[in-house]
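Student: My questions concern the predicted model and sequence given below.
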Amino acid sequence: MKILVSEPIAEKGLEKLVQEGATVDLKTSLTRQELLKIIGEYDALIVRSNTKVNEELYQKATQLKVVGRAGNGVDNIDMDGATKRGIIVVNTPDSNSVSACELTIGLLLATCRNIPQHHIRLKGKVWDRSGLKGMELLDKTVGIVGLGRIGSLVATRLKSFGMKIVAYDPYISDSRFQHVGVEKKEKLEDLMRVCDILTVHTPKTEETYGMIGKEQLAVAKKGLTVINCARAGIVNEVALIEALKTKIVARVGIDVPEGEPEPISPLLEYDNVIVTPHAGADTKEAQDNVGVTIAQEVISALRGEMVPNAVNLPTLHTQELAAVKNYLKLGETMGKLYYQLEKEAVEKVEITYRGEVAAMETSVISLAILKGLFEPVLKEKVNYVNASVVAKSRGVVVTESKESEVDSYLTLITVKVISKGKEFTISGTVFGKDDLRIVEINGYEFDVIPMPYMLIAENMDKPGVVGQMGTLLGVAKVNIATMQLGRKLTDNRAMMVLTVDSEVSKETLEFVGGVDGILRVRFVKL
Ligand SMILES: NC(=O)c1ccc[n+]([C@@H]2O[C@H](COP(=O)([O-])OP(=O)(O)OC[C@H]3O[C@@H](n4cnc5c(N)ncnc54)[C@H](O)[C@@H]3O)[C@@H](O)[C@H]2O)c1
Ligand SMILES: O=C(O)CC[C@@H](O)C(=O)O
C-alpha cells in the first residue's frame with residue numbers, strides 16, 4: 001500500500017498509516033507538475049482543501065484506488081471522475097465540526113465587539129475606543145443558512161446568548177428544525193429580512209455558490225453582520241463589498257476568502273471586516289481527530305472494506321455498517337455465482353429483501369450483489385463505488401423491493417437475474433450473527449454454507465447418479481466436504497451442491513458431466 005500525503009495531517013494519522021503497514025510519502029510542498037509526475041506510483045492520496053483532485057490528476061493516477069480528504073468539504077475533488085474509475089473518496093465529516101463551529105462563534109463575537117481592531121490599536125500604543133462601538137447578541141436574531149452538522153452546533157451554542165435563531169435549509173425535515181429548536185424559514189429571502197447576523201453553513205455546490213448575492217443582501221436589515229466559515233463564494237464577495245459600502249452590511253467575519261490560499265483579498269481593505277486563513281479546523285483536537293480518522297478510513301478502503309464516510313457511496317453510520325456487514329458478504333457471494341453457473345448476458349436484476357434485512361440500509365447490499373455479479377467477468381475494476389455505474393453502462397436494469405414478512409426465515413435476500421427471457425434465482429440468509437447460507441437456487445431448496453470451492457450440478461432425480469459422481473471425484477482425489485440435494489418432485493429433477501476441498505480440473509469436470517443422468521455441472525470458485 002503506497003500512500004501519498006500531499007498536505008499536512010496530524011502526526012498521529014501518519015503513525016497510524018505506517019502501523020498498518022503502508023509506505024507513506026509526506027510531500028507537502030510539491031508543485032502541481034511534480035504531483036502529476038509522481039501520482040501514478042500511489043494507491044492512495046490524502047489531501048486537505050488545497051490539492052485539486054481532478055480529471056488531469058486522475059489521468060496520471062493509474063494505480064489510484066482511494067482519495068482521502070482529511071476534513072469535510074470535498075469541493076476540491078471531482079467526484080464523478082472518481083466514481084466512474086471506481087476510486088473511493090473518503091472524508092472525515094464529523095471530526096472537525098466542533099472546531100469549525102467554535103471559530104464561527106469566535107468570528108461572530110470578534111466582529112460584533114471589534115476585538116481585533118481594539119487589539120491592533122493597543123498594540124500601536126493607542127488607548128482609544130472611539131468608533132468601535134459593538135453590538136450585544138442578546139435578543140438579536142441570527143439567521144443560519146444550512147442546518148447540518150456545523151449549523152446545528154452553532155444554533156445550540158448561540159441559544160445560550162439569548163438570541164433568536166431562524167434557519168433556512170430546504171433539505172432537512174421539519175422534525176430536525178424542532179429537534180435543534182430553531183424557527184424554520186421557507187424562503188431564504190424571509191430569513192434575510194429578519195436577521196441581524198447571517199451565518200452560512202452549506203457545502204459549496206452549484207446551487208449554493210453565490211446564494212447570498214446582490215438580491216439577497218438588498219432585502220437584508222441595515223447593519224447586518226455576515227459570517228462565512230463554510231466555503232468561499234457562498235457569499236458573493238463583490239455583492240458583499242458593495243453592501244459594506246452602502247452600510248447594509250456593518251460587519252463581516254470570513255474564514256474562507258475567495259482566492260485562498262493567496263493572502264490577498266479586497267475584503268482586507270475594510271476595517272470592519274475580519275478575515276482568517278481557513279483556520280476553522282486548525283485546532284489540535286480537530287487535527288488529531290481528522291488525521292487518525294482519515295488514516296483508518298484510507299487503510300480500510302484500500303483493503304476493500306466498506307467505509308462509513310465514503311462520499312461516493314450510500315451514507316452509512318458505523319452502527320448501520322456493522323448491521324449490514326454480513327449481508328454484504330452474502331450479497332457478493334450470491335452475485336458471484338451467476339456468471340459461473342450461467343452464460344447469458346444479464347438484462348435485468350431484481351433484488352428482493354424480506355424480513356429483518358428489509359429494515360436495513362439495503363442500497364449498499366445491492367451494490368455488493370452487483371460487484372459480485374460483474375467482477376468475475378470484467379477486465380475493469382468493479383467495486384462498491386462503480387458497481388451501479390458499471391451496471392448502467394452495460395444497460396442492466398436493477399430494481400430493489402422490500403417485504404417486511406417472510407415465510408420460513410427471519411431474513412432473506414432473493415436475486416432474480418433475467419436474461420433473454422430466462423430467469424435465474426438465488427436466495428440467501430444469515431443465521432444468528434454471521435452464519436451465511438445459500439438456501440435456494442432456481443427453485444431448488446438447500447441450506448449450504450458458501451465455501452471457496454463448490455460443484456453445482458443439475459441431474460435427473462434417479463438412483464446411482466450421486467454415487468457415480470462421488471466415485472469419479474474420489475478417483476480424481478477431490479475430497480467432498482459437504483453435499484446437499486435439492487429436489488423438484490414435479491419434473492423429476494434435482495440439483496446437487498457439493499463443497500469440495502480443492503479445485504476440480506476441467507478433465508474431472510468433463511468426466512462428471514458425462515455421468516448418465518447429470519444434465520450439467522459447474523465448478524464454482526468464491
Ligand atoms: N472553515 C473550516 O475550516 C471548515 C471546517 C469544516 C467544514 N467547513 C465547511 O462548513 C460547511 C458545513 O459543513 P457541515 O459539516 O455542517 O455540512 P453538512 O453537510 O452537515 O450540512 C450542510 C447543510 O447544508 C444544507 N444545504 C445544502 N444545500 C443548501 C441550500 N441550497 N440551501 C440551504 N441549505 C442547504 C444541507 O441540507 C445540510 O443540512 C461546508 O461547506 C464545509 O465544507 C468549513
Ligand atoms: O483545514 C482543512 O483542511 C479544511 C477544513 C475544512 O474546510 C473542511 O472542509 O474540513
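Tutor: Received the coordinates, thanks. Please read all numbers here as calculations on a predicted model, not as lab measurements. Ligands and ions are numbered 1, 2, ... in the order given.
Student: Tell me how many other residues surround Ala82.
Tutor: 24 (other CB atoms under 10 Å). (C-beta placed from N, C-alpha, C; glycine too.)
Student: The one 4 residues further on too?
Tutor: By other CB under 10 Å, the residues close to Gly86 number 20.
Student: and if you look at the one 4 residues further on?
Tutor: Val90 has 27 neighbours, counted by other CB under 10 Å.
Student: what's the answer for Val66, then?
Tutor: As a burial measure, Val66 scores 25 neighbours (other CB under 10 Å).
Student: Relative to Thr315, how far out is it?
Tutor: Distance, Val66 to Thr315, by CB to CB, to the nearest Å: 17 Å.
Student: List the buried residues in the strand or helix carrying Ala301.
Tutor: Under the criterion of DSSP states H and E, Ala301 resides in helix 284-302. Buried positions in helix 284-302, judged by neighbour count with 16 or more other CB atoms under 10 Å: 286-302.
Student: Stretch 245-263 too?
Tutor: Quick answer for stretch 245-263 (16+ other CB under 10 Å): Ile248, Val249, Ala250, Arg251, Val252, Gly253, Ile254, Asp255, Val256, Pro257, Glu258, Glu260.
Student: okay but Ala10 is in contact with Asp288, surely?
Tutor: Yes - at 5.0 Å, Ala10 counts as touching Asp288 under the criterion of CB atoms under 8 Å.
Student: The residue of the stretch 51-200 of the chain found nearest ligand 1 - how many residues pack around it?
Tutor: Nearest to ligand 1 in the stretch 51-200 of the chain, going by CB to the nearest ligand atom, is Gly148, at a distance of 1.7 Å. Applying other CB under 10 Å, we find 19 residues neighbouring Gly148.
Student: hmm, back to that, anything in the helix holding Ala301 near ligand 2?
Tutor: No - using CB under 6 Å from any ligand atom, helix 284-302 stays clear of ligand 2, coming no nearer than 7.3 Å.
Student: What is that helix packed up against?
Tutor: Helix 284-302 is packed against helix 11-19, strand 44-47, strand 66-69, strand 88-91, helix 97-112, with contacts defined by 3 or more CB pairs under 8 Å, 6 or more residues apart in numbering; DSSP states H and E.
Student: Might one say that Ile227 is in contact with His201?
Tutor: No - under the criterion of CB under 8 Å, Ile227 makes no contact with His201, lying 9.4 Å away.
Student: so what sits against both of the two?
Tutor: The contact sets of Ile227 and His201 overlap at Thr104 (CB atoms under 8 Å, 6 or more residues apart in numbering).
Student: Spatially nearest residue to Glu440 (excluding sequence neighbours)?
Tutor: Nearest residue to Glu440, sequence neighbours excluded (CB to CB, 6 or more residues apart in numbering): Ser427, at 3.9 Å.
Student: who's in contact with the residue of the stretch 51-200 of the chain closest to ligand 1?
Tutor: Applying CB under 8 Å, 6+ apart, we find Gly148 in contact with Asp169, Ile172, His201, Thr202.
Student: that older thread, pull the most distant pair out of the buried residues of stretch 245-263.
Tutor: Ile248 and Glu260 (24.9 Å; CB to CB).
Student: what's the burial count for Arg453?
Tutor: No Arg there; residue 453 is Tyr. 17.
Student: State the mean pLDDT of the helix holding Ala301.
Tutor: Helix 284-302 shows an average pLDDT of 96 in the prediction.
Student: Identify the residues contacting Ile294.
Tutor: Here Ile294 is in contact with Ile9, Gly13, Ile46, Gly68, Arg69, Ala70, Val90, Asn91, Thr92 (criterion: CB under 8 Å, 6+ apart).
Student: Name the nearest of these relative to ligand 2.
Tutor: Set against ligand 2, the nearest of these by CB to the nearest ligand atom is Ala70 (6.1 Å).
Student: Verify the stated contact: the closest one with Ile9.
Tutor: Yes - in this structure, Ala70 is within contact of Ile9 by CB under 8 Å, at 4.7 Å.
Student: ok, the host helix or strand of Val226: who's next to it in the sheet?
Tutor: With secondary structure defined by DSSP H and E, Val226 is part of strand 224-228. Sheet pairing for strand 224-228, assigned by DSSP bridges, gives strand 197-200 (parallel), strand 249-254 (parallel).
Student: Could I get those in TSV, plus columns for mean pLDDT and distance to ligand 1?
Tutor: Formatted as TSV, the strands paired with strand 224-228 follow (pLDDT from 0 to 100; distance: least, CB to the nearest ligand atom, whole Å):
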stretch	mean pLDDT	distance to ligand 1
strand 197-200	98	8
strand 249-254	98	10
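Student: can you redo these as a markdown table with distance to Leu472?
Tutor: Putting the strands paired with strand 224-228 into a markdown table (distance: least, CB to CB, whole Å) gives the following:
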| stretch | distance to Leu472 |
| --- | --- |
| strand 197-200 | 72 |
| strand 249-254 | 77 |
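Student: still on that earlier bit, using the three-state scheme, assign the residue nearest to Glu440.
Tutor: Taken by DSSP: H, G, I helix; E, B strand; the rest coil, the conformation at Ser427 corresponds to strand.
Student: can you pull the pLDDT of it?
Tutor: The per-residue pLDDT reported for Ser427 equals 97.
Student: measure it to Val200 for me?
Tutor: Distance from Ser427 to Val200, by CB to CB: 49 Å.
Student: picking up where we left off before, between the buried residues of stretch 245-263, which sits nearest ligand 2?
Tutor: Of the buried residues of stretch 245-263, the one sitting nearest to ligand 2 (CB to the nearest ligand atom) turns out to be Val256, at 7.2 Å.
Student: which ones are touching Ser419?
Tutor: Ser419 neighbours (CB under 8 Å, 6+ apart): Glu342, Glu344, Ala345, Val346, Glu347, Lys348.
Student: I'd say the first one and Glu423 touch.
Tutor: What that stands for is Glu342. No - using CB under 8 Å, Glu342 is not in contact with Glu423; the gap is 10.3 Å.
Student: shared neighbours of the two, anything?
Tutor: By CB under 8 Å, 6+ apart, the residues touching both Glu342 and Glu423 are Val417.
Student: Tell me which of those two has more neighbours.
Tutor: Higher neighbour count among Glu342 and Glu423: Glu342, with 15 against 12, using other CB under 10 Å.
Student: what sits against that one?
Tutor: Under the criterion of CB under 8 Å, 6+ apart, the neighbours of Glu342 are Val417, Ser419, Lys422, Phe424.
Student: Now do it, the pLDDT please.
Tutor: The model reports Glu342 with a pLDDT of 89.
Student: Over to it: give its phi and psi.
Tutor: In terms of degrees, to the nearest 10, the main-chain angles of Glu342 are phi -120, psi 160.
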